[in-house]
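> need a structure here:
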Amino acid sequence: MGTRLNNKVAIVTGGGAGIGEAICKKFAQEGARVVVCGLPDDPVGEVAREIQSNGGAAVAFRGDISQPENARACVALAVDTFGKLDVLINNAGVFPAVGFIDEYPAEALDYLLKNNVQSVFMMTKFAIPHLQKSKGCLVSAGSEAGLEGDAQNAPYSGTKGFVHAFTRAVAAEQAQHGVRANVVCPGGIDTAWTHPQTSPMTTEMAKQIVSATPMGRRGTPEEIANVYLFLASDEASFVTGALYVVDGGLTIGKGPSGKMADQSMKKAPKDTLDLRHSHGGDTVARPFSQSDGGDGSAAYQEPDYRNERDNTHVVRNTLLGLSLMAVAANAVLRYFGKPSVRREPVNAEGAGQEASLEATVDEITAGYLAPDQDAFYSGTEGTFPEITDTTSPNATESDAGVVSGKEKKDHRNTSASTGQPIRDDRGFTDEAATGNND
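The predicted structure is shown next:
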């Protein structure tokens, strides 16, 4: 066991797979106490237990950290369990699609913004007061794509550009409180994200990663974790607002320079960490799943109410338009002395439908926007235990050290108008994501 992070407490988002797993285990190896944060169906419990089995201290947190109550609960877990917070690693991210901009799915952009942007903001917001107390630091996951922009990956590149600017701005404003903030910008790393079998990348894209990298290979998750370790340690005491590019020279490469790399550079260093989830990670927009990776947590998919809300809006406007036409026609007929059109049945029916639709829209809007309605369940599949108070220092499962995000009864998975389950036929889910594996 090392001592570079001795007695420090760190939260690592997206800690269940890929680079996130490597960061968690590297930090624990150097003496940190770690909160392994991920979605309900991420193997965060497994990673926490693996750290514990090697003599480290770790607890797992499950929840959608793009939602404020879950981000707050994650920070509270760290402070309640370990007494403070020294380091925040904003590693969680997704990579759901590639494509030319005119063909890129709009739903994938929504998914990116929630999981690559909103989760970083929420975690930073709730961690900062505690980092000010400990004079700690945060490190965010950027990307070479956020520096250069990747063809057929423009939306992802844009979200990483946000992370770069956001973190540097945090560094500028928080220096007066003793908090450092930096960014690690990986290139092509050997995780699920850079292989066509496990990601949206094409075979040609995957080949270009290696050929365009002057060192002629992908990086390893542990090589990236080493840089996070430096930036989180006191060795980086004079480093803030920096973008650390860790890409094997990809951003300075000219053409297929990887083919000319010396053999010593093409050989990856031997791993020192026991990584079991390197090729896990969020490379698709995950639908609802009861899969838990073996550690007993069921995932909850927040339904998408936007389509129903939009359809209701159209129907309501149509009815209003018909009602206005009837009123106008009646006025014209009265003006010219014709018998008045009987509008009571039309208006009564229209008013009744309009009132019903108005209530439906209001209920759906309240359900879609209210942040305190998210539900994440823990326990065996198909079983929903009593609510866990994540603000309590004892809110962990004794067998795995796992804590879920705020658990509440959630009415948003049923239609306000029909009472039937609402399903997202696009297959996209509003969940913050797993390990960042750029």
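> where does Ala268 land in three-state SS?
Under DSSP: H, G, I helix; E, B strand; the rest coil, Ala268 falls in the coil class.
> burial count for the closest residue to it other than its chain neighbours?
Leaving aside its sequence neighbours, Ala268 sits nearest to Thr220 (Cβ to Cβ, 6 or more residues apart in numbering; 5.3 Å). Any C-beta I mention is one placed from the backbone N, CA and C, and that applies to glycine too. For Thr220, the neighbour count with other Cβ atoms under 10 Å is 21.
> With Glu21 as the reference, measure out to Thr220.
Using Cβ to Cβ, to the nearest Å, Thr220 is found at 12 Å from Glu21.
> One more: His130?
In terms of Cβ to Cβ, His130 sits 24 Å off from Glu21.
> So the two - more neighbours on which side?
A direct count of neighbours by other Cβ under 10 Å for His130 and Glu21 places Glu21 higher, at 38 against 20.
> correct me, but that one touches Gly15?
Yes - counting by Cβ atoms under 8 Å, Glu21 touches Gly15, with 6.5 Å between them.
> picking up where we left off before, might you report the residue contacts of the residue nearest to Ala268?
Counting by Cβ atoms under 8 Å, 6 or more residues apart in numbering, Thr220 touches Ala22, Ile189, Asp190, Ala268, Pro269, Asp271.
> Okay, it and Cys74: tell me how far apart.
As for Thr220, its distance to Cys74 is 27 Å (criterion: Cβ to Cβ).
> Check Gln176 too.
The spacing between Gln176 and Cys74, counted by Cβ to Cβ, is 26 Å.
> For those two, indicate the residue with more neighbours.
More crowded of Gln176 and Cys74, by other Cβ under 10 Å: Cys74, with 25 against 8.
> Please identify which helix or strand holds the more buried one.
Using DSSP states H and E, the element containing Cys74 is helix 68-82.
> Quick one: low-confidence residue ranges for this protein.
For the chain, residues meeting the criterion pLDDT under 70 lie at 257-261, 266, 277-438.
> right, and Cys185 touches Ser143 too?
Yes - between Cys185 and Ser143 there is a contact under Cβ under 8 Å: 5.6 Å.
> What are the contacting residues of the helix or strand where Cys185 lies?
In the assignment (DSSP H and E), Cys185 maps to strand 180-186. Residues from elsewhere that reach strand 180-186 (Cβ under 8 Å, 6+ apart): 19, 136-144, 146-147, 160, 163-164, 167-168, 170-171, 174, 219, 224, 227-228, 231, 236-237, 239-247, 438.
> can you rerun that using 6 Å?
137-140, 142-144, 164, 167, 170-171, 224, 227-228, 231, 240, 242-246, 438 (Cβ atoms under 6 Å, 6 or more residues apart in numbering).
> How about residues contacting the helix or strand just after it?
With elements assigned by DSSP H and E, the helix or strand that comes after strand 180-186 is helix 203-211. Under the criterion Cβ under 6 Å, 6+ apart, residues Gly188, Thr194, Pro196, Pro256, Gly258 lie in contact with helix 203-211.
> Give me the neighbour count for Thr202.
For Thr202, the count of nearby residues is 12 (other Cβ under 10 Å).
> should've said Gln263
Quick note: Gln263 (other Cβ under 10 Å) scores 7 neighbours.
> Show me the domain layout of the protein.
9-298, 318-371 (automatic domain parsing).
> for those domains, which one ends up most surrounded?
domain 9-298 (a mean of 21; mean count of other Cβ atoms under 10 Å).
> What segments of the chain are strands?
Applying DSSP state E to the chain gives strands spanning 9-13, 33-38, 57-62, 87-90, 137-141, 180-186, 243-246, 297-298, 377-378, 402-404.
> Dump those to JSON lines, plus distance to Glu103.
Output for the strands of the chain, formatted as JSON lines (distance: least, Cβ to Cβ, whole Å):
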{"stretch": "strand 9-13", "distance to Glu103": "30"}
{"stretch": "strand 33-38", "distance to Glu103": "31"}
{"stretch": "strand 57-62", "distance to Glu103": "34"}
{"stretch": "strand 87-90", "distance to Glu103": "30"}
{"stretch": "strand 137-141", "distance to Glu103": "26"}
{"stretch": "strand 180-186", "distance to Glu103": "26"}
{"stretch": "strand 243-246", "distance to Glu103": "29"}
{"stretch": "strand 297-298", "distance to Glu103": "35"}
{"stretch": "strand 377-378", "distance to Glu103": "37"}
{"stretch": "strand 402-404", "distance to Glu103": "38"}
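> and Gln152, which of those is closest to it?
strand 180-186 (18.6 Å; Cβ to Cβ).
> Please report the distance of the residue lying closest to Gly31 once chain neighbours are set aside from Ser143.
Excluding its sequence neighbours, the residue lying closest to Gly31 (Cβ to Cβ, 6+ apart) is Asn6, at 3.6 Å. Using Cβ to Cβ, we find Asn6 at a distance of 30 Å from Ser143.
> I'm done for today, thanks for sticking with me.
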